[in-house]
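Asks: can you look at this prediction? I've put the sequence above it.
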Amino acid sequence: MSNLAAKRILLGITGGIAAYKSIELIRLFTKAGAEVQVVLTDGAKAFVTDMTLQAISGNPVRSTLLDPSAEAGMGHIELAKWADLIVVAPASADFMARYAQGMANDLLSTLCLATESPVLLAPAMNQAMWRHPATQANANTLADRGVFSVGPADGAQACGDVGPGRMSEPSDIFAYVEQYFHHKVADQVNGTKDLTGQDWVITAGPTMEAIDPVRYISNHSSGKMGFALAQAAQLRGANVTLISGPVNLPAPNGVNLITIKSADDMLAACQQAMTNQADVFIGAAAVADFKMKAINHQKMKKQSNADEMQLTLVKNPDIIATLASQKGAKYIVGFAAETQDVIHYAKDKLARKGLDMIIANDVSRTDIGFNQDQNQVTVLTKEQTWSSELATKNQLAIQLVEHIHTHFKSTLSK
């Protein structure tokens, strides 16, 4: 059963081209078993229609603060009380400004002020608007008041600009909400967080090893597993530093994201993050095993009379083995992405690198692993083995954080 089954989500849609993405977000929520009520601002009506949203959500769409027929049924105060979570996607700069100032001049802003439920924003606007000091001040004000946010993402925008301000993809917003509701995570966010005070350092994504100014060696890692682990640990109260190679994912909410390119960069960032010994380190990144012995400073030209080219490679630093030998964290977890004899190679890596736990997955399967939203793993320690069911990476991350925390606590008690 989904974490969203029978949850009541109020989705607010403000004016902006990203409003069309909310149709897919509603579909994801309802498919997971949630009940969705939609509220439109006047600006949003220029981009999406009541009829479409009603057909997808299965409920009438609300947009007027003092609609007599709506007030006779579910008034705006009752609607504010009804929601388990309010999601505003997209959240425009104008809406964020009005919300930060405590204005209640339309239905959506009134609901956000009247509710005692959590509010999650997915900002979407032009990159210059997002970077403007006023917008940043409003975002910080709302965060200080306990309003959550996802994104914005970085990339090409409808206006032709490139930069931060794109609304996070519906799948990323859904993933956050899914984690939020898992095993009473909502209660943990508002109260008890059993990882509070712990420092977790997590690596994610591929590394990019330069050959020359235009070419590089890398792999197919999407970073989704590491990002999901970072969000799951943060939601339970951990202070999380996420060190990631080049990926196309928005920074997890409340996580300190450090971006790098090469394996050398990743090792240096990990050592810096663990200057004071971390509690838990998770090496979920797919680090390239080799790099160029010498990077060419100019583009290597193709020789017309040569059918082959030879590159001289040398080993990259073994990040997780180095950190384990340096005792950079009290508990160290590795990943083993294998295409054959998965458990055999994972056990060898667990012992050889001095790890506390290793998470093995078969990346030869096309339905899990690299660039997929689902995964299935086997968790090994010196004493135990546990195999997961096939699950989304966000669901699996929650289970893995629980396993890691349980085993970490047991080591502290010895």
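Replies: The structure has been received and is ready for your questions.
Asks: quick one, strands of the stretch 301-414 of the chain?
Replies: Here the stretch 301-414 of the chain has its strands, by DSSP state E, counting those that start in this stretch, at 313-315, 329-338, 357-362, 374-375, 378-380, 385-387, 391-392.
Asks: and the fifth one, which strands flank it?
Replies: Sheet pairing here is set by DSSP bridges, and for strand 378-380 it gives strand 357-362 (antiparallel), strand 385-387 (antiparallel).
Asks: ok, residues contacting it?
Replies: Contact with strand 378-380 is made by 342-343, 346-347, 350, 357-361, 385-388, 400, 403, as judged by C-beta atoms under 8 Å, 6 or more residues apart in numbering. Every C-beta, even on glycine, is put in place using the N, C-alpha and C of the backbone.
Asks: buried subset of these, written for PyMOL?
Replies: The buried subset of these, as determined by 16 or more other C-beta atoms under 10 Å, is captured in PyMOL by this line:
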select buried, resi 342+346+347+350+357+358+359+360+361+388+400+403
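Asks: and the nearest residue to E338 once chain neighbours are set aside, what's its pLDDT?
Replies: Distances taken as C-beta to C-beta, 6 or more residues apart in numbering place Y345 nearest to E338, at 5.0 Å, with adjacent residues excluded. The model reports Y345 with a pLDDT of 86.
Asks: export the strands of the stretch 301-414 of the chain to CSV and tack on mean pLDDT and distance to F148?
Replies: Below are the strands of the stretch 301-414 of the chain laid out as CSV (pLDDT from 0 to 100; distance: least, C-beta to C-beta, whole Å):
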stretch, mean pLDDT, distance to F148
strand 313-315, 92, 42
strand 329-338, 88, 27
strand 357-362, 86, 28
strand 374-375, 74, 25
strand 378-380, 88, 29
strand 385-387, 83, 31
strand 391-392, 76, 20
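Asks: to S171, which of those lies closest?
Replies: S171 lies closest, by C-beta to C-beta, to one member of the strands of the stretch 301-414 of the chain: strand 391-392, at 9.6 Å.
Asks: which neighbours in the sheet does the closest one have, and how are they oriented?
Replies: When DSSP bridges is applied, strand 391-392 pairs with strand 374-375 (antiparallel).
Asks: and the partner strand, how far from the chain's centre?
Replies: Strand 374-375 sits 15 Å away from the centroid of its parent chain (C-alpha atoms, centre = their mean, to the nearest Å).
Asks: who's in contact with the closest residue to M274 other than its chain neighbours?
Replies: Counting by C-beta to C-beta, 6+ apart, the nearest residue to M274 once its immediate chain neighbours are dropped is G328, at 4.0 Å. Contact analysis of G328 by C-beta under 8 Å, 6+ apart lists 201, 270-271, 274, 277-278, 281.
Asks: G328 and D348, how far apart?
Replies: Separation of G328 from D348 (C-beta to C-beta, to the nearest Å) stands at 22 Å.
Asks: same question for A286.
Replies: As judged by C-beta to C-beta, A286 and D348 stand 18 Å apart.
Asks: rewinding a little: if you look at the contacts of G328, which of them are in helices?
Replies: 270-271 (DSSP state H).
Asks: show the buried residues in the contacts of G328.
Replies: Neighbour counting by 16+ other C-beta under 10 Å classes 201, 270, 274, 278, 281 among the contacts of G328 as buried.
Asks: as JSON lines, the residues you listed with pLDDT would be great.
Replies: Converted to JSON lines, those look like this (pLDDT from 0 to 100):
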{"residue": "V201", "pLDDT": "96"}
{"residue": "C270", "pLDDT": "94"}
{"residue": "M274", "pLDDT": "92"}
{"residue": "A278", "pLDDT": "92"}
{"residue": "F281", "pLDDT": "96"}
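Asks: of those, which pair is most distant in space?
Replies: C270 and A278, at 9.1 Å, using C-beta to C-beta across the buried ones among the contacts of G328.
Asks: who touches both of the two?
Replies: With C-beta under 8 Å, 6+ apart, C270 and A278 have common neighbours 201, 328.
Asks: circling back: out of the contacts of strand 378-380, which is nearest to G334?
Replies: Nearest to G334, judged by C-beta to C-beta, of these is I358 at 4.7 Å.
Asks: measure that closest one to E338 for me?
Replies: I358 sits 11 Å away from E338, going by C-beta to C-beta.
Asks: tell me the contacts of the most centrally placed residue in the chain?
Replies: When C-alpha atoms, centre = their mean is applied to the chain, the residue found nearest the centroid is P252 (4.1 Å). By C-beta under 8 Å, 6+ apart, the contact set of P252 is 176, 227, 230-231, 234, 240, 242.
Asks: who wins for neighbours among those?
Replies: A230 (33 neighbours; other C-beta atoms under 10 Å).
Asks: pretty sure that residue contacts V240?
Replies: Yes. Applying C-beta atoms under 8 Å as the test, A230 and V240 come out as touching, 5.0 Å apart.
Asks: so what pLDDT did the residue nearest to M274 get?
Replies: Listed pLDDT for G328 reads 88.
Asks: torsion angles phi and psi at it?
Replies: phi -70, psi -20 (degrees, to the nearest 10).
Asks: next one: it from G283, what distance?
Replies: Remark: distance between G328 and G283 (C-beta to C-beta) = 11 Å.
Asks: can you check N59 too?
Replies: Relative to G283, and taking C-beta to C-beta, N59 is found at 45 Å.
Asks: the two: which is more packed in?
Replies: For N59 and G283, the more surrounded residue by other C-beta under 10 Å is G283, and the numbers stand at 27 against 15.
Asks: quick one: contacts for that one?
Replies: Here G283 is in contact with 203, 319-320, 323, 332-335 (C-beta under 8 Å, 6+ apart).
Asks: turn the residues you listed into CSV, including distance to I295.
Replies: Listed next are the contacts of G283 as CSV, based on distance: C-beta to C-beta, whole Å:
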residue, distance to I295
T203, 22
I319, 20
I320, 24
L323, 25
I332, 30
V333, 32
G334, 28
F335, 27
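Asks: most neighbours, which of those residues?
Replies: In terms of neighbours by other C-beta under 10 Å, those top out with T203 at 32 neighbours.
Asks: hmm, back to that, hey, what's in contact with both of A230 and V240?
Replies: Common contacts of A230 and V240 (C-beta under 8 Å, 6+ apart): 200, 202, 252, 255.
Asks: quick check, nearest of those residues to M125?
Replies: Of all the shared contacts of A230 and V240, P252 has the smallest distance to M125: 20.5 Å, by C-beta to C-beta.
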